[in-house]
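Asker: Fold the following, please.
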Amino acid sequence: MASVIFHSFNQINEKGQVKLFRSHNPNYTDGGQLRDFVYVKDLIDVLYFAYETPLKNGIYNLGSGKARPFLDLAKATFKALGKEPNIEFIDTPIDIRDKYQYFTEANMNKLIAQGYKKPFTSLEDGVHDYVTNYLIGHRYFLTCFNKKGAIKQ
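Answerer: Numbers count the residues shown, from 1 in each chain. This next block holds a predicted model:
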């Protein structure tokens, strides 16, 4: 599965707009469905921390710890491309409508209790970095990390 940003980027470049699911839940506006979007670079930082720090055994949630609307992600993608938002809302497919999750958010307390203190990248900063440094120009490449966790490209 590709990232929502990747799909949004392609929709914007191909059709000049992004399609988001319309809400079928009265507690959420169209595009107001919430996800805990997390930037992959933050996940790598957490994995490096876990590698370097003896953690208690268990399952750790990974996310930013802050749910954000899909609408914010779409607007951030347009902004990173220097374009005005053009968003169309479409019905959620019937076959997934009754199973659709309107809210996901990672509880980061267990990881924080183990000493993880690094702040997570904001949605807007992560989208901007991904779009401008990787998607524009199709600059896909492996990123390596040195022993201190710093990114080397």
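
Asker: How about the contacts made by residue 23?
Answerer: The contact partners of residue 23, by Cβ atoms under 8 Å, 6 or more residues apart in numbering, come to 29, 30, 31, 32, 33, 102. Where you see a C-beta, it was placed from the backbone N, CA and C, and this is true even at glycine.

Asker: Likewise for residue 119?
Answerer: By Cβ under 8 Å, 6+ apart, residue 119 has no neighbours at all.

Asker: give me phi/psi at it?
Answerer: phi -70, psi 150 (degrees, to the nearest 10).

Asker: Which of the contacts of residue 23 has the largest number of neighbours?
Answerer: residue 33 (23 neighbours; other Cβ atoms under 10 Å).

Asker: That residue and residue 55, how far apart?
Answerer: Here residue 33 is placed at a distance of 32 Å from residue 55 (Cβ to Cβ, to the nearest Å).

Asker: do the same with residue 92
Answerer: 38 Å.

Asker: Give me the buried stretch members for stretch 8-22, please.
Answerer: Under the neighbour-count criterion of 16 or more other Cβ atoms under 10 Å, stretch 8-22 has 8, 9, 11, 12, 17, 18, 20, 21 buried.

Asker: Any buried residues in stretch 92-105, and which?
Answerer: residue 92.

Asker: ok, and the helix or strand in this protein with the lowest average confidence?
Answerer: strand 151-152 (a mean of 50; mean pLDDT, DSSP states H and E).

Asker: hang on, the earlier thing: closest to residue 46 out of the contacts of residue 23?
Answerer: Closest to residue 46 out of these is residue 33 (24.8 Å), distances taken as Cβ to Cβ.

Asker: Please, where are all the helices along the protein?
Answerer: 4-15, 40-52, 70-80, 94-97, 109-113, 123-130 (DSSP state H).

Asker: among those, which is nearest residue 88?
Answerer: Smallest distance to residue 88 across the helices of the chain (Cβ to Cβ): 9.2 Å, for helix 4-15.

Asker: on that earlier part again, I'd like the helices of the chain laid out as JSON lines, including distance to residue 60.
Answerer: What follows is those, written out as JSON lines (distance: least, Cβ to Cβ, whole Å):
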{"stretch": "helix 4-15", "distance to residue 60": "23"}
{"stretch": "helix 40-52", "distance to residue 60": "8"}
{"stretch": "helix 70-80", "distance to residue 60": "24"}
{"stretch": "helix 94-97", "distance to residue 60": "28"}
{"stretch": "helix 109-113", "distance to residue 60": "5"}
{"stretch": "helix 123-130", "distance to residue 60": "20"}
